[in-house]
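Novice: Okay, predicted coordinates and the sequence, questions at the end:
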Amino acid sequence: MYRSNMKFLYIFYLILMITPEIRTDNEVKIIAIHKDPICESLKNNNGTQFNIVAIGTTSKRLLLITKNYYVYDVPINSLDLVHDKLHLPTKPTPIRDKYPILFNSQGFRLILSARLNLDAYIINDGKNDWVFFGERLKVHYNIDTSEVFTKLVPYDKKNKVFVSSDMPRHYYSLVRVNNNLFMSIDRYDDDSDFSNMSTIQTEGAKYSICSNPQNTRIRMEKGKCRSGIPVQWPVLKGFASDGKFYLFSQKYIFILDEDVYNNQGEEYPVQKISFDSFFNCAGIIPASNVITKSYFYWIMVAIILLLVILLTILGCIVVPRGRRRMRSSFVNGKTGDNQTTEDIFPTSTKYKKSKDKICNKVIDAGADSNGLLYSFVLAIGRTKKRVLLITKGLDVYDVPADSYDSSKNKMYFKYMSTPMKDKYPDLYHNPLFQSIKNNMNVGIMYDSDGDWICMTTNNSKQAINYNIDTSEVHKGFVLSGEWPEILISTNEPCKFYSIQIRNATKANILSATALWLTAYKCKNGDHIINSDGIEKVTDFRMLCFDYDDDYILMIEGTKCDSKKTLEWLLASGFEKKLQ
């Protein structure tokens, strides 16, 4: 009875919501929504005057400032990353009303009166959101405290294009040199005070943006483009949000993965869309403003009938499902924090993708243009305390050891990932790590001193061992020199496996993708710090299937008796059994 009453109350509520104003002359007036001329000018750009001074996202908001001094300040979820659309549901506010202290400040008024090139980007200092204006006359405005700071600086003729970043204290910049478009990321130190106008940012690595002949994929290269074609995008403004670049030119918006900068040399797809498809302005009801009253009543009757049918169907579906759910919870016997795997990691694919985009990248592995596996996993390992997964974008999952269900071969990420710069700042900001982070092999190890992240390169002098539990950075291990190696974490202290894909000609084997395996152990005991380096337990040995493809054999020769080499595309791994 209660459910039935609620249905009719809901119908009545809907009728009230959709009933327009009824006029006395038997006509119904439909209220039209006025267009937003500022948004329409952005949407229908079509190569006309570019009207964006700054655009960017922070953890709280998306800001867009136009050249005619209007401000859109909308929730962060107004940016639809799935469909690449920016929804601007409300009209903008004039900057004089939105930020009166900024507008009336001497520095900002000087920028306006001198008709200086108004350029800006959005940045966060870890606590507050800021807008940085100006080239010759710099104006820093704290949005959250309404404070303004000003300084006159020497003119920089580099003609940088600023690209706002959602990472605190970071921004990207683009500059064109000799027909090459270069990108770099600049950062302020963690203790930087943005009110101190003398604070100098640290410039990051500068890479040229290169495309394939079809202009469908791009990569970053040091120096000039050698293996690709320099892109000719006339970028005027841009921002990065949740792993995506949005770069605005006069006519188009270029969309690409932010990891293209972090993974120098790797190709990523690029998409080009129009301003019209990106900006979604406040809607307008396109119907006629007047309809007859009798026709309106027929519409109401049809809507009510459809609602009754829909609610009846929903009632038949929801009630049995609710009963089944109650029985299931009783059988599972959930109490307190004892959760089922469905509670920890829902089985709905749509839910997973919308909930954790980093996890979705981990799942969606595939082969690159060379036929080699592209995996988003840099390293994964399981110790007695935790499961650690590090992505190539340098995000870290650190979950309890029981998050891996060995009986079902499933990994449950109970928590969202954390950027390495926030989780392990001592490691991330280490100069040696910064120099090797784009070209390193990583393994997870443990000993009696704690859990470790071990990083190696093909340069014997560039290796790091990082103690997760003490946040200490130590000199790393020198491997055999037979680079490259894929490190496989084990559950034994001071030990990991290593797999190679050897060249067919040099190895005199039948396959260019055959796998070779060895193991490394610490010298002089099971302490990583006190060990005298690391050594191979055996030489690399070839992996083969038996004749029936039921077992895998490790042989000392260079040819499999069965002529069936192991040719799996591997990127990382860990040992299943825990001792």
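Specialist: Looks like it arrived, so ask away. Model, not experiment: these values are computed from the prediction. Residues are numbered from 1 along each chain as shown.
Novice: can we go C-alpha only for contacts and neighbour counts from here?
Specialist: Fine.
Novice: What count of nearby residues applies to the nearest residue to residue 98 once chain neighbours are set aside?
Specialist: Nearest non-adjacent residue to residue 98, counting by Cα to Cα, 6 or more residues apart in numbering: residue 71, 7.2 Å away. Residue 71 has 24 neighbouring residues, counting by other Cα atoms under 10 Å.
Novice: and if you look at residue 234?
Specialist: The burial count for residue 234: 14, using other Cα under 10 Å.
Novice: so what pLDDT did it get?
Specialist: At residue 234, the model reports a pLDDT of 91.
Novice: Name the SS class of it, please.
Specialist: coil (DSSP: H, G, I helix; E, B strand; the rest coil).
Novice: which ones are touching it?
Specialist: 249-250 (Cα atoms under 8 Å, 6 or more residues apart in numbering).
Novice: Not counting sequence-adjacent ones, nearest residue to residue 230?
Specialist: residue 210 (4.6 Å).
Novice: For residue 493, see how far away the residue nearest to residue 98 is.
Specialist: 57 Å (Cα to Cα, to the nearest Å).
Novice: Equivalent analysis for residue 428, please.
Specialist: For residue 428, the distance to residue 493 - Cα to Cα - is 24 Å.
Novice: swap in residue 574?
Specialist: 13 Å.
Novice: Which strands and helices lie in contact with the host helix or strand of residue 204?
Specialist: If you go by DSSP states H and E, residue 204 is part of strand 202-211. If you count contacts as 3 or more Cα pairs under 8 Å, 6 or more residues apart in numbering; DSSP states H and E, strand 202-211 packs onto strand 180-187, strand 217-222, strand 229-230.
Novice: the helices in the stretch 301-450 of the chain, which residues?
Specialist: Along the stretch 301-450 of the chain, the segments classed as helices by DSSP state H, counting those that start in this stretch run 341-344, 349-355, 357-363, 420-423, 425-428, 431-436.
Novice: on that earlier part again, could you confirm the residue nearest to residue 98 falls within a strand?
Specialist: Yes: checked against three-state DSSP, residue 71 lies within a strand.
Novice: and it, what is it in contact with?
Specialist: 63-65, 92-95, 98.
Novice: mind running it again at 10 Å?
Specialist: 38, 53-55, 63-65, 91-99 (Cα atoms under 10 Å, 6 or more residues apart in numbering).
Novice: Can you tell me which of those residues are buried?
Specialist: When the contacts of residue 71 are checked for burial by 16 or more other Cα atoms under 10 Å, the buried set is 38, 53-55, 63-65, 91-92, 94-95, 98-99.
Novice: Tell me which of the residues you listed fall in helices.
Specialist: 38, 95, 98 (DSSP state H).
Novice: related to what we said a few turns ago, need the least confident one among the helices of the stretch 301-450 of the chain, by mean pLDDT.
Specialist: For those, where the average pLDDT is lowest is helix 341-344, sitting at a mean of 36.
Novice: domain parsing for the protein?
Specialist: Annotated domains of the chain cover 2-32+286-332, 37-190+207-281, 342-574 [automatic domain parsing].
Novice: Tell me the span between the first and last residue of the second one.
Specialist: The reference is to domain 37-190+207-281. First-to-last distance for domain 37-190+207-281 - Cα to Cα - comes to 9 Å.
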